[in-house]
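Enquirer: make a model of this:
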Amino acid sequence: DTMMSKRKQLLISLAKKGHRVTMVSMERHVETEVELRSLGIYFRYAPCRRNRLSFFGDLMFIYKLIGLISESKPDVVVSYTIKPNVYSGIALKFNKNSRFFPVVTGLGYAFQEIGMKRKVLRWLTVLLHRFSFSRAEKIIVQNTHNCQFLIDSKITYEGSMIVIEGD
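Expert: Got it, this is the predicted structure:
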């Protein structure tokens with residue numbers, strides 16, 4: 001998978017520069033864990049369902065992230081995709097010493113179709129992004145369409161983003 005390959009290259013690059021790198025994943029991938037550990041990259045599993053909202057499950061994920069951040073005291077946190085971006089920003093509200101760089105790879109399920117359920121989910125998602133991204137040093141966005149959406153939704157402002165065209 002191209003995206004995992006790019007993420008892995010970033011992790012390897014950071015580790016080679018002497019940073020203590022920990023990857024937190026919502027899913028288990030034994031081959032990836034073994035490979036990353038062989039490269040000196042720590043792996044932590046924090047279970048959470050990627051494509052479904054579960055109040056208690058998501059709350060437990062945030063709690064787990066707070067614990068992992070408190071334990072590892074990272075100087076930089078880079079997150080990918082909607083839940084890790086939002087929940088990492090929330091967890092980092094409890095740790096003011098880490099720099100936060102969420103990577104927006106797409107807008108996701110809440111923004112794909114119309115309907116009352118999606119409107120409510122979209123409203124909630126925008127609010128959570130505003131709260132979470134207020135903690136970000138820079139937001140890395142993979143296309144100009146998503147960049148414009150973040151500005152139009154008042155999630156962030158133009159100067160807070162770095163736009164990289166990519167997958």
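
Enquirer: surely Val24 is within a helix?
Expert: No: according to DSSP: H, G, I helix; E, B strand; the rest coil, the state of Val24 is strand, so it is not within a helix.

Enquirer: show me the contacts for it.
Expert: Val24 makes contact with 44-46, 65, 68, 84 under the criterion CB atoms under 8 Å, 6 or more residues apart in numbering. For glycine as for every other residue, the C-beta is placed from the backbone atoms N, C-alpha and C.

Enquirer: tell me which stretches of the protein form strands.
Expert: When assigned using DSSP state E, the strands of the chain occupy the ranges 22-25, 42-45, 76-80, 99-104, 139-141, 161-163.

Enquirer: let me know how buried Lys96 is, in neighbour terms.
Expert: Residues lying near Lys96 (other CB atoms under 10 Å) number 7.

Enquirer: please disregard the earlier target; I meant Asn143.
Expert: 16.

Enquirer: quick check, it in contact with Leu150.
Expert: No: distance between Asn143 and Leu150: 11.1 Å, which falls outside the contact criterion (CB atoms under 8 Å).

Enquirer: follow-up on the earlier one: among the contacts of Val24, name the buried ones.
Expert: Neighbour-count burial within those applies to 46, 65, 68, 84; the criterion is 16 or more other CB atoms under 10 Å.

Enquirer: how about those residues, which pair is most distant?
Expert: Looking at these by CB to CB, the two members farthest from one another are Leu68 and Pro84, with 11.7 Å of separation.

Enquirer: how many residues are close by Ile69?
Expert: One way to gauge burial is a neighbour count; for Ile69, by other CB under 10 Å, it gives 20.

Enquirer: ok, now which ones touch the closest residue to it other than its chain neighbours?
Expert: Nearest in space to Ile69, with sequence neighbours left out and distances taken as CB to CB, 6 or more residues apart in numbering, is Asn95 at 5.1 Å. By CB under 8 Å, 6+ apart, Asn95 lies in contact with 66, 69-70, 73.

Enquirer: no further questions, thank you.
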